[in-house]
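Novice: sequence first, then the predicted structure:
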Amino acid sequence: MNALDGNAIAGSLLDVFGAEMTTATGVCGSCGTSAPVAEFEVYLRAPGAVARCRSCRSVLMVLVTIRGLTCVDLRGLAALGLAPTSGG
Amino acid sequence: MTPISRGFRGRRDASADPSRVPPGQYVTGDFPVLSAGPTPHTQLADWSFAIQGEVDEPRTWTWDEFRALPSENLTTDIHCVTKWSKLDTVWTGASVDTLLDGVDTSAEYVTAWSDGGYTTNLPLEDLTGGRAWVAFAYDDEPLDPEHGGPARLLVPHLYFWKSAKWVRGLELKLEDEPGFWETYGYHNYGDPWREQRYWGD
Ligand SMILES: [Zn+2]
């Protein structure tokens, strides 16, 4: 089974953060690789969704939806920053 | 005549005995692949299985030693928390009773751990008494890596996330410690017949 990319969790992240997160930059807490959320490796076919670092495969984020409420754990991220938006 | 065609098995699934299907589950003829990470491809020469933690003496088996243990064939129903159930699945494995034979422990809890870092927790008593196996074959074929091969834990009376894929060992513990999905709100025990999907169920 092939992994998806961060666009697969765009909707859930938008619900939780109230912002478009795929262009945000995440820094892997294990290897330091910096990448846009859209480029994370995402595994959806589990009880929840797991986003991993494309370089070292460490778990960066875990998303679970329980009784309609989605929670995101940023356990493996050293940093997560929204990219500056262009203009107004 | 021993062979049973897949078509026959499929029709049986379609008209499944409702008493075999836990609440909120539907029966599938497929075997969906569930994974939280990349499929590890551990070479058998590098594979080992360990019993460790609160034990008189840690035990390990190489692949060949593990395969030399007595194994059992079993046909059982499996239930995934994502709501599919699959009936009459056919497995071969060594029972956890066999692996724990002669192990002296005061532990009451177990963390199963896998290649790729996955863990899940179970009470020790749920792994004993002929209710749990380390399975290495499915439908008389070596267990496919996508389904947890070379070997996975098989605990069919609990939701299937407890049946850790790519299992490499059991850590026996005095205290219970939530595993990967249990940490994120999935039920600590996971009995499908009591529909224990999430914490608080
Ligand atoms: Zn990394």
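Specialist: Cool, got the structure.
Novice: any idea of the pLDDT on residue 85?
Specialist: Picking chain A for this. Note for residue A:85: predicted pLDDT of 50.
Novice: I was after chain B.
Specialist: Reported pLDDT for residue B:85: 96.
Novice: quick check, it in contact with residue B:31.
Specialist: No. Counting by Cβ atoms under 8 Å, no contact exists between residue B:85 and residue B:31, whose distance comes to 11.4 Å. Placement of C-beta: from N, CA and C, glycine included.
Novice: what about these two, which has more around it?
Specialist: The residue with more neighbours, out of residue B:85 and residue B:31, is residue B:85; 21 against 16, by other Cβ atoms under 10 Å in any protein chain shown.
Novice: ok now do that one, which residues does it touch?
Specialist: B:20-22, B:25-28, B:77-79, B:192 (Cβ atoms under 8 Å, 6 or more residues apart in numbering or on different chains).
Novice: what about the closest residue to residue B:28 other than its chain neighbours, how many residues nearby?
Specialist: Leaving aside its sequence neighbours, residue B:28 sits nearest to residue B:84 (Cβ to Cβ, 6 or more residues apart in numbering or on different chains; 4.4 Å). Close neighbours of residue B:84, defined as other Cβ under 10 Å, add up to 18.
Novice: doesn't residue B:181 fall inside a helix?
Specialist: Yes. Using DSSP: H, G, I helix; E, B strand; the rest coil, the secondary structure at residue B:181 is a helix.
Novice: residues contacting residue B:196?
Specialist: B:159, B:187, B:189-190.
Novice: and the furthest pair within the residues you listed?
Specialist: Farthest pair in the contacts of residue B:196 (Cβ to Cβ) is B:159 and B:189. Separation: 9.1 Å.
Novice: so these two - more neighbours on which side?
Specialist: Under the neighbour definition other Cβ under 10 Å, residue B:159 and residue B:189 were set side by side, and residue B:159 has more, 27 against 16.
Novice: separation between the more buried one and chain A?
Specialist: Separation of residue B:159 from chain A (Cβ to the nearest Cβ, to the nearest Å) stands at 9 Å.
Novice: average pLDDT for whichever strand in chain A runs longest?
Specialist: The longest strand of chain A (DSSP state E) is strand A:59-66. Summarised as a single mean, pLDDT over strand A:59-66 is 94.
Novice: does the ion have contacts with it?
Specialist: No. Figure legend: strand A:59-66 not in contact with the ion (Cβ under 5 Å from the ion); closest approach 7.6 Å.
Novice: return the residues of chain A in contact with chain B.
Specialist: A:1, A:3, A:41, A:43, A:45-48, A:50, A:52, A:57, A:59, A:62, A:64, A:66-67, A:71, A:73 (Cβ under 8 Å from any Cβ of the partner chain).
Novice: quick one, which of those are buried?
Specialist: Taking 16 or more other Cβ atoms under 10 Å in any protein chain shown as the criterion, what is buried in the residues of chain A next to chain B is A:3, A:41, A:43, A:46-48, A:50, A:52, A:57, A:59, A:62, A:64, A:66, A:73.
Novice: which two in the residues you listed are spaced the farthest apart?
Specialist: Across these, the longest distance by Cβ to Cβ is 25.5 Å; it joins A:57 and A:66.
Novice: tell me if stretch A:13-32 is near the ion.
Specialist: Yes. Against the ion, stretch A:13-32 shows contacts by Cβ under 5 Å from the ion at A:28, A:30-31.
Novice: neighbour-wise, which one of those leads?
Specialist: When the residues of stretch A:13-32 next to the ion are compared by neighbour count (other Cβ under 10 Å), residue A:28 ends up highest, at 23 neighbours.
Novice: could you report the separation of it from residue B:64?
Specialist: 38 Å (Cβ to Cβ, to the nearest Å).
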